[in-house]
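Participant: one predicted model, sequence on top.
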Amino acid sequence: MGSRTIIVGTRQSALALTQTGQVIDALQNINDRHQLGLSFEIRKIVTKGDRILDVTLSKVGGKGLFVKEIEQALLDREIDIAVHSMKDMPHELQDGLMNGAVPVRVDPRDCLVTRNGLGFYDLPHGAKVGTSSLRRSCQLKHARPDLQLEWIRGNIDSRIRKLETEGFDAIVLAAAGLTRMGWTDKISDYIPVELCIPAVGQGALGIECREEDDAVRHLLSLYNDPLSARTVAAERSFLGTLNGGCQVPIGAYAVMKDEHMIELIGTVGTPDGKVLLKEAASGTDPVALGVKVAELLCERGAEEILAQVRG
Ligand SMILES: NCc1[nH]cc(CCC(=O)O)c1CC(=O)O
């Protein structure tokens with residue numbers, strides 16, 4: 001048994017630091033149980049996405065904005081492990097890197113934080129709702145065309161502040177982030193998956209490492225939750241087939257029906273919510289299932305919708 005300090009890289013938002021702390025606690029536990037002789041240290045990394053929080057992400061070429069510097073630090077051996085929110089992880093990882101673990105996924109739903117504790121359907125006519133994703137605005141507009149969806153950016157803590165200071169009636173956030181922060185008391189309503197299909201990978205984390213780092217790979221294999229990994233794999237295959245990112249109105253959600261069978265629902269819509277396509281299928285191979293649901297949507301014009309949004 002050797003001894004080695006594993007450097008764990010993370011963004012420096014409150015949420016990133018909190019979830020990385022939780023990951024380190026879990027890894028420390030695994031290390032103790034299996035007597036791996038490892039210790040852990042956290043390293044904060046500022047990404048481009050953190051530096052330009054005032055610009056619409058789609059305008060600055062959204063994909064991977066929160067990840068590039070972190071992947072470089074892995075390749076440069078400044079860090080050994082990177083903790084990502086799965087939904088911020090790009091489809092293609094850099095050569096030499098891999099996703100070593102998907103830990104048990106938490107609540108994938110979006111939720112509403114409102115000023116007076118109202119639920120989604122209790123919001124007054126024309127209420128001003130803040131969101132930072134086309135996926136959310138599309139689906140919420142589809143369900144409630146009267147709502148006035150407005151752009152809100154920033155980390156979750158600053159978005160919650162803006163609810164007060166910028167006159168929003170409500171903001172929409174991932175329940176997972178609030179849960180990890182211990183802020184579930186702020187949630188006034190959970191938006192059902194049928195109403196708003198979550199972002200690909202929402203509620204899951206991805207733990208990236210170097211392919212050649214056997215000790216870290218072994219550690220992470222003990223942390224991986226195979227069922228969570230399968231649902232995420234199906235959703236990411238769907239997203240990859242549509243060549244999406246979180247900057248286009250795409251959502252997908254997979255659940256395990258039993259140990260083997262995955263059920264996947266995917267959606268593509270227009271930002272104004274007037275068109276909202278949904279398709280679902282089941283299968284045992286996550287990659288094939290993701291491709292299949294994407295193809296079903298393409299038969300109904302998903303590619304044309306996405307081309308318009310991107311253009
Ligand atoms: N795009 C930002 C982001 N990336 C991950 C989360 C937290 C939820 C998660 O881990 O899926 C959030 C905040 C949000 O969407 O409210």
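Facilitator: Ah, there it is.
Participant: got a pLDDT number for residue 53?
Facilitator: Residue-level confidence at residue 53 comes out at 59, pLDDT.
Participant: what about residue 191, how many neighbours?
Facilitator: Residue 191 has 21 neighbouring residues, counting by other CB atoms under 10 Å. Quick note: C-beta positions are derived from backbone N, CA and C, even for glycine.
Participant: now it. Nearest residue, chain neighbours left out?
Facilitator: residue 110 (4.7 Å; CB to CB, 6 or more residues apart in numbering).
Participant: so that neighbour makes contact with residue 198?
Facilitator: Yes - the pair formed by residue 110 and residue 198 meets the contact definition of CB atoms under 8 Å, at 6.3 Å.
Participant: what bridges to the residue nearest to residue 191?
Facilitator: Listed by DSSP bridges, the beta-bridge partners for residue 110 are residue 174, residue 191.
Participant: what's the spacing between it and residue 306?
Facilitator: Relative to residue 306, residue 110 is positioned 21 Å away (criterion: CB to CB, to the nearest Å).
Participant: what does residue 30 give?
Facilitator: Look at residue 30 and residue 306: by CB to CB, they are 40 Å apart.
Participant: okay, these two: which has more neighbours?
Facilitator: residue 306 (21 against 16).
Participant: name the element that one belongs to?
Facilitator: Using DSSP states H and E, residue 306 maps to helix 302-310.
Participant: report the helix or strand with the lowest average pLDDT across the chain.
Facilitator: The helix or strand of the chain with the lowest confidence, counting by mean pLDDT, DSSP states H and E, is helix 48-51 at a mean of 71.
Participant: beyond it, next helix or strand please.
Facilitator: Downstream of helix 48-51 (by DSSP H and E), the next one is helix 68-75.
Participant: which SSE is immediately downstream of that next one?
Facilitator: Under the assignment DSSP H and E, the closest C-terminal helix or strand after helix 68-75 is strand 81-85.
Participant: ok and whatever helix or strand comes next after that next one relative to helix 68-75, angle-wise?
Facilitator: Downstream of strand 81-85, the first helix or strand assigned by DSSP H and E is strand 97-101. Angle, strand 97-101 to helix 68-75, by axes from the mean of the first three to the mean of the last three CA atoms, to 10 degrees: 90 degrees.
Participant: how far does strand 97-101 sit from its chain's centre?
Facilitator: Counting by CA atoms, centre = their mean, to the nearest Å, strand 97-101 is centred 16 Å from the centre of its parent chain.
Participant: what helices and strands are in contact with it?
Facilitator: Helices and strands touching strand 97-101, by 3 or more CB pairs under 8 Å, 6 or more residues apart in numbering; DSSP states H and E, are helix 68-75, strand 205-210, helix 214-223.
Participant: for these, which one sits closest to residue 120?
Facilitator: Among those, the nearest to residue 120 by CB to CB is strand 205-210 (26.8 Å).
Participant: which secondary structure elements does that closest one sit against?
Facilitator: Counting by 3+ CB pairs under 8 Å, 6+ apart, the elements that strand 205-210 packs against turn out to be helix 14-34, helix 68-75, strand 81-85, strand 97-101, helix 214-223.
Participant: one step back: mutual contacts of residue 110 and residue 198, please.
Facilitator: Common neighbours of residue 110 and residue 198, using CB atoms under 8 Å, 6 or more residues apart in numbering, are residue 174.
Participant: of these two, give the one with the bigger neighbour count.
Facilitator: Neighbours per residue, other CB under 10 Å: of residue 110 and residue 198, the larger number sits with residue 110, 29 against 25.
Participant: let me know the pLDDT of that one.
Facilitator: Looking at residue 110, its pLDDT reads 98.
Participant: which residues does it contact?
Facilitator: Residues touching residue 110, when contacts are defined by CB under 8 Å, 6+ apart, comprise 136, 172-175, 190-191, 196, 198, 202.
Participant: and the gap between it and residue 252?
Facilitator: Distance from residue 110 to residue 252, counting by CB to CB: 13 Å.
Participant: just say helix, strand or coil for residue 234.
Facilitator: Of the three states, residue 234 takes helix under DSSP: H, G, I helix; E, B strand; the rest coil.
Participant: near the ligand, which residues of the stretch 51-200 of the chain? Just list them.
Facilitator: Counting by CB under 6 Å from any ligand atom, the stretch 51-200 of the chain comes close to the ligand at 85, 87-88, 156, 173-174, 176-177.
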